[in-house]
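S.K.: sequence and predicted structure below; questions after.
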Amino acid sequence: MKTINDFNFKEKKALVRVDFNVPQSADLKVTDNTRIQAVKPTIEKILNDGGSVILLSHLGRPKGKFCEEFSMKNLIPEIEEVFGKTVKFCEDCMSEDAQKMTNDLKDGEILLLENVRFYEQEENGDVEFAKKLASYADAFVNDAFGTAHREHASTAVIAQFFPSTKFFGLLMAKELEAIDKVLKNGEKPVLAILGGSKVSSKITIIENMLPAIDHLLIGGGMAFTFIKALGGEVGNSIVEEDKLGLALEILEKAKRLNVDVHLPVDVIMADEFNNDADTKEVDIYDIEPGWMGLDAGTKSRLLFNDVVMKCRTILWNGPIGVFEMPNFAAGTISLGDSIAEATKLGAFSLVGGGDSVAFVKKFGYEDKVSYVSTGGGAMLESLEGKELPGVKAINQ
Ligand SMILES: Nc1ncnc2c1ncn2[C@@H]1O[C@H](COP(=O)(O)OP(=O)(O)OP(=O)(O)O)[C@@H](O)[C@H]1O
Ligand SMILES: O=C(O)[C@H](O)COP(=O)(O)O
């Protein structure tokens, strides 16, 4: 893997594609700066070498047009705070101004360009647009893991204009190493925990991961499709009726590959999808008509803890209960505790995917697991076994 550590940036301008697609409050303040913090080592390495940095990112989905809400300008105070440095700003990516400001940039300086998605050429993967962006710099650094699954002008197309000076940033390298640690060279036993609402969104991940893992733990809403397929009564729990056959096929395939599958054995069921609903704890095969399973039961939590504690490599994607409602968060918290404990004892744990990352941050497990991915879709597509366009473009 060719990273920025293979190059000395002294007196060089680096165009660094980052993913600063961060959440903002109604008054446009950054509410979670993880993605900005995450690229700090890359920026520091380039500046410490004696080079300069041109930062390029998207924010939101502005569909090719300027809009105040998604201006990179809103992020400047947060970026300056995190980097501890002044950041210059150019109000677009293409004008003579952009040309001049990038040209005049001095070693040790950082220049932020306006949202690259204010131009429709970005998402269209326009070659001329990419070429113009490329003309601003001596080297291209891709550190936008969160956007690496998009084949856009500034994430993939641009790389061809830097045949010998294109590099992975340090965040990108860390993300790819974490995935490899699970899918390719994980210390055994390897466990994949898949939760969330739907089997259909995780099928490709399960199929891709089966040959690499020893244990598969299926929890959350998606477990009910498996339980129903196995003959259980699931009441009003979330079920994908058209995936019952597929669920059985997955169980068969896991058996052939010697993967132990762990499903919940009991459940907290509720009489409505509401935090204040009436609840009962029952065997997962015996959910009453009109009731729905919203969290893992006591026995399931103990069972999951046993599985987690005996594994050395753990991938976690998807909550195992409706954690957004406090009365149904305990199962996911218990699983978080188990993973934190296993990590403390030396296991490698990787958390990825939108909702599980939200959970980990909300409940304070961020520093108790080995790695929390900055990518939602990009992480899921990596687990599906796809080579991401942003990664391919640097490797080519
Ligand atoms: N038993 C359940 N019944 C219904 N919904 C559930 C249940 N258990 C978990 N969920 C819901 O599943 C949702 C997460 O599902 P999703 O498939 O989006 O997970 P994810 O993989 O973490 O996220 P993403 O796919 O965005 O990366 C959460 O909002 C949670 O409330
Ligand atoms: O937040 C993300 O997942 C990335 O920034 C990609 O954003 P997109 O889904 O709008 O391409």
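M.R.: Arrived safely. Ligands and ions are numbered 1, 2, ... in the order given.
S.K.: of all residues in the stretch 101-250 of the chain, which one is closest to ligand 2?
M.R.: Proximity of the stretch 101-250 of the chain to ligand 2 (C-beta to the nearest ligand atom) peaks at Gly146, 4.2 Å away. In short, each C-beta sits where N, CA and C put it, glycine included.
S.K.: and that residue, how many residues sit next to it?
M.R.: 26 (other C-beta atoms under 10 Å).
S.K.: could you measure from the residue nearest to Gly50 when sequence neighbours are not counted over to Lys45?
M.R.: Nearest residue to Gly50, sequence neighbours excluded (C-beta to C-beta, 6 or more residues apart in numbering): Lys10, at 4.0 Å. Distance, Lys10 to Lys45, using C-beta to C-beta, to the nearest Å: 12 Å.
S.K.: more crowded one of the two?
M.R.: With neighbours defined as other C-beta under 10 Å, Lys10 and Lys45 compare such that Lys45 has more, 19 against 11.
S.K.: remind me which helix or strand the more buried one belongs to.
M.R.: Lys45 is part of helix 40-49 when elements are defined by DSSP states H and E.
S.K.: likewise Leu294?
M.R.: Going by DSSP H and E, Leu294 is part of strand 292-296.
S.K.: what do you get for Ile227?
M.R.: Counting by DSSP H and E, Ile227 is found in helix 223-229.
S.K.: and whatever residue of the chain ends up closest to ligand 2, what does it touch?
M.R.: Relative to ligand 2, the nearest point of the chain is Asn21 (3.4 Å; C-beta to the nearest ligand atom). Counting by C-beta atoms under 8 Å, 6 or more residues apart in numbering, Asn21 touches Arg35, Ser57, His58, Leu59, Gly60, Gly146, Thr147.
S.K.: next one: the residue lying closest to the fifth one once chain neighbours are set aside from Ser154, what distance?
M.R.: Going back to what we said before, that points to Gly60. Spatial nearest neighbour of Gly60, excluding adjacent residues (C-beta to C-beta, 6+ apart): Phe70 at 4.1 Å. According to C-beta to C-beta, Phe70 and Ser154 sit 15 Å apart.
S.K.: for Ser95, same thing?
M.R.: For Ser95 relative to Ser154 (C-beta to C-beta), the value is 16 Å.
S.K.: settle it for me: which of those two has more neighbours?
M.R.: The neighbour comparison of Ser95 against Ser154 (other C-beta under 10 Å) goes to Ser154, with 31 against 12.
S.K.: now Val141: which helix or strand?
M.R.: Going by DSSP H and E, Val141 is part of strand 139-142.
S.K.: returning to what we had before: considering the contacts of Asn21, which possesses the most neighbours?
M.R.: Going by other C-beta under 10 Å, Ser57 tops those with 28 neighbours.
S.K.: now do the contacts for that one.
M.R.: Contacts of Ser57 by C-beta under 8 Å, 6+ apart are Arg17, Val18, Asp19, Phe20, Asn21, Met72, Asn115, Val116, Ala144.
S.K.: could you dump these to TSV with distance to Glu366 and secondary structure?
M.R.: Output for these, formatted as TSV (distance: C-beta to C-beta, whole Å; DSSP: H, G, I helix; E, B strand; the rest coil):
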residue	distance to Glu366	secondary structure
Arg17	25	strand
Val18	20	coil
Asp19	18	coil
Phe20	19	coil
Asn21	19	coil
Met72	26	helix
Asn115	28	coil
Val116	29	helix
Ala144	21	coil
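S.K.: a markdown table please, covering those residues and showing distance to Ile339.
M.R.: Output for the contacts of Ser57, formatted as a markdown table (distance: C-beta to C-beta, whole Å):
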| residue | distance to Ile339 |
| --- | --- |
| Arg17 | 32 |
| Val18 | 29 |
| Asp19 | 25 |
| Phe20 | 29 |
| Asn21 | 27 |
| Met72 | 35 |
| Asn115 | 36 |
| Val116 | 36 |
| Ala144 | 27 |
